[in-house]
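*Asks:* Any chance you could fold what I've pasted below:
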Amino acid sequence: MCYNTSMNWYSANDIDNSPQNDEALLQARLNVVLVAPEIAPNAGNISRLCYASGTNLHIIGKPGFDIKTDKHFKRAAVDYWDRLDIKRYADFSEFSAAVAAKAAESGADSTGSAPRIILTSTNGRSLYFEFKYRPGDYIVFGPESSGIPAEIIDEYGCHSVRIPLNSGVRSLNLSTACGIIVFGAIAQIYQSSLI
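*Replies:* Numbers count the residues shown, from 1 in each chain. So this is what the prediction gives:
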């Protein structure tokens, strides 16, 4: 039984508090970007997360597995991965050029600002829950073993976020970190009435 009925965060935009209306919350049009993902179950979990949250999935470089045939990827993604329109890019330059072209084509959003490329790193400049996300932002996650390459951080690091961690922990699992940041961004965008 739920006694705390005052904790209804849906009320910000007067959405009926029921699971049937959750899709109204998932209109942030965020983009998850994986740079050369190495572990199939992580990428499978992330593809499922993207489908569930209305988020687009982009993959840069060559994954460490075959998306079309890897059984571990398919098992983690369940039957959702093939419902996603996964965008593929040879390298970060091709990806950033595509983002710039799309921004030029579509212009700024209702807030007057174009989506940004946001890096995730254990050394990110902002805590993920303090960063001010915008609809359509591109949230970039690096390979499991090495993270985002230094040259990308040098160029785009002004927009970087981190999850606070105990000093004895090197990092979180990629799909866990992705879930935390994506749903944190969706909640913040929704609560800011940007959707």
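*Asks:* phi, psi of the most centrally placed residue in the chain?
*Replies:* In the chain, the centroid-proximal residue (Cα atoms, centre = their mean) is residue 32; its distance is 3.6 Å. Dihedral pair for residue 32: phi -100, psi 130, per degrees, to the nearest 10.
*Asks:* Might one say that it is in contact with residue 54?
*Replies:* No. Judged on Cβ atoms under 8 Å, residue 32 makes no contact with residue 54 at a distance of 11.2 Å. C-betas here are computed from N, CA, C, even on glycine.
*Asks:* State the distance from the closest residue to residue 25 other than its chain neighbours to residue 176.
*Replies:* In this structure, residue 25 finds its nearest non-sequential neighbour in residue 190, 5.5 Å apart by Cβ to Cβ, 6 or more residues apart in numbering. Residue 190 sits at a distance of 22 Å from residue 176 (criterion: Cβ to Cβ, to the nearest Å).
*Asks:* Beta-bridge partners for residue 35, please?
*Replies:* Legend: beta-bridge partners of residue 35 under DSSP bridges are residue 60.
*Asks:* Double-check it against residue 149; I have them as touching.
*Replies:* Yes. The pair formed by residue 35 and residue 149 meets the contact definition of Cβ under 8 Å, at 7.5 Å.
*Asks:* ok so, going back, who has more neighbours out of residue 190 and residue 176?
*Replies:* Counted by other Cβ atoms under 10 Å, residue 190 and residue 176 do not tie: residue 190 has more neighbours, with 21 against 13.
*Asks:* quick one: which helix or strand includes that one?
*Replies:* Under the criterion of DSSP states H and E, residue 190 resides in helix 174-191.
*Asks:* List the buried residues for that helix?
*Replies:* 174-175, 177-179, 181-186, 188-190 (16 or more other Cβ atoms under 10 Å).
*Asks:* Quick check: next helix or strand after the lowest-mean-pLDDT helix or strand in the chain?
*Replies:* Between all helices and strands in the chain, the lowest mean by mean pLDDT, DSSP states H and E belongs to helix 71-77, at a mean of 69. The first helix or strand that comes after helix 71-77 along the chain, using DSSP H and E, is strand 87-89.
*Asks:* Alright, I will stop here.
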